[in-house]
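Engineer: sequence and predicted structure are below.
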Amino acid sequence: MILVDDTTFENFKKASALLLFSAPWCAPCTALYPTIIKLSEEFPDINFLKINVDESPDLTSEFGVRTVPTLMFLRDGELVDSLIGVHSLEKLRYVIKENFNV
């Protein structure tokens, strides 16, 4: 999991990535985090990026995030899917495989 903000996200604009928009005060975000870490270990070719909505208002606005946790799936820099809330490991694994053809 790589922590990014409004400035450092530029390095991943054209990448395939799972973006986790979260906040330190968000209990569901904290609950989801271990699942995301496990997935990042299973899919090392995908960038797993964590974005703190409080510290990255430009990215949060650019992606239209209104609720945390929000997951955005980018393939070669293009938004291909998104999910809001906490989801099971199995569901997230399925969505990753569908969106990244892995």
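Structural biologist: Everything's here; your move.

Engineer: show me the helices in this structure, by range?
Structural biologist: Using DSSP state H, the helices of the chain run over 27-42, 57-62, 89-100.

Engineer: now these as TSV including mean pLDDT?
Structural biologist: Shown next, in TSV, are the helices of the chain (pLDDT from 0 to 100):
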stretch	mean pLDDT
helix 27-42	96
helix 57-62	94
helix 89-100	95
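
Engineer: redo those helices as CSV? Include mean neighbour count and distance to K50.
Structural biologist: (C-beta placed from N, C-alpha, C; glycine too.) Formatted as CSV, these follow (neighbours: other Cβ atoms under 10 Å; distance: least, Cβ to Cβ, whole Å):
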stretch, mean neighbour count, distance to K50
helix 27-42, 15, 8
helix 57-62, 14, 11
helix 89-100, 15, 15
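
Engineer: and for the nearest residue to G77 once chain neighbours are set aside, the neighbour number?
Structural biologist: Counting by Cβ to Cβ, 6 or more residues apart in numbering, G77 lies nearest to K14, which is 4.0 Å off, once chain neighbours are set aside. A count of nearby residues for K14, using other Cβ atoms under 10 Å, gives 11.

Engineer: what's the spacing between K14 and F43?
Structural biologist: Distance from K14 to F43, counting by Cβ to Cβ, to the nearest Å: 18 Å.

Engineer: can you check F12 too?
Structural biologist: Counting by Cβ to Cβ - F12 and F43 are separated by 15 Å.

Engineer: residue nearest the centroid of the protein?
Structural biologist: Closest to where the C-alpha atoms of the chain average out (Cα atoms, centre = their mean) is L19, at 2.0 Å.

Engineer: tell me who's in contact with the residue lying closest to that residue once chain neighbours are set aside.
Structural biologist: Leaving aside its sequence neighbours, L19 sits nearest to M72 (Cβ to Cβ, 6+ apart; 4.1 Å). Residues in contact with M72, defined by Cβ atoms under 8 Å, 6 or more residues apart in numbering, are L18, L19, F21, F63, V65, L79, D81, S82.
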